[in-house]
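A.B. asks: sequence and predicted structure, then a few things I'm wondering about:
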Amino acid sequence: MGDVAAKIKVMPNSPEVDLDELQDRLEEALPEGAKIRGFERDDVAFGLVALLPTVIVPDGAGGTEAVEESFSQVDDVESVNVENVGRL
């Protein structure tokens with residue numbers, strides 16, 4: 001049984017959101033056992049930049065749902081979508 005790696009697209013709710021602060025809030029919101037292995041940024045449109053954290057979730061933790069739920073509760077997050085999931 002290995003861990004699961006998921007790339008998750010987190011859209012801020014405005015171009016004015018401080019992405020460094022948002023990254024910190026996402027890391028603090030992670031459920032028990034999950035960890036972030038790096039962030040990418042993706043220019044979306046009109047100055048809006050999505051964060052793409054790669055999240056490592058233990059195999060027994062029920063997949064990415066707990067992470068998606070946690071991220072969607074973070075201030076300044078508009079939407080959370082799983083881009084891809086793979087085993088480590």
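C.D. replies: Yep, that arrived. Numbers count the residues shown, from 1 in each chain.
A.B. asks: which residues does the lengthiest helix in the chain contact?
C.D. replies: The longest helix of the chain (DSSP state H) is helix 19-29. Residues outside helix 19-29 that contact it (Cβ atoms under 8 Å, 6 or more residues apart in numbering): 10, 12, 36, 39, 41, 49, 51, 53, 70-71, 73-77. Placement of C-beta: from N, CA and C, glycine included.
A.B. asks: just the buried residues of these.
C.D. replies: The neighbour-count test (16 or more other Cβ atoms under 10 Å) marks Val10, Pro12, Phe39, Val49, Leu51, Pro53, Ser70, Phe71, Val74, Asp76, Val77 as buried among those.
A.B. asks: gap between the second one and Val4?
C.D. replies: Spelled out, that is Pro12. 25 Å (Cβ to Cβ, to the nearest Å).
A.B. asks: ok, Asn81 - contacts?
C.D. replies: Taking Cβ under 8 Å, 6+ apart as the test, what Asn81 contacts is Ile8, Lys9, Met11.
A.B. asks: ok, Glu65 - contacts?
C.D. replies: Glu65 neighbours (Cβ under 8 Å, 6+ apart): none.
A.B. asks: of the contacts of Asn81, just say which sits nearest to Asp59.
C.D. replies: Of all those, Asp59 sits closest to Ile8, with 17.1 Å by Cβ to Cβ.
A.B. asks: pLDDT at that closest one, what is it?
C.D. replies: On pLDDT, Ile8 comes in at 97.
A.B. asks: ditto for Ala5
C.D. replies: Confidence score, pLDDT, at Ala5: 94.
A.B. asks: other SSEs contacting the helix or strand it falls within?
C.D. replies: Taking DSSP states H and E as the definition, Ala5 sits inside strand 4-12. On a contact count with 3 or more Cβ pairs under 8 Å, 6 or more residues apart in numbering; DSSP states H and E, strand 4-12 meets helix 19-29, strand 35-45, strand 48-57, helix 65-72, strand 77-87.
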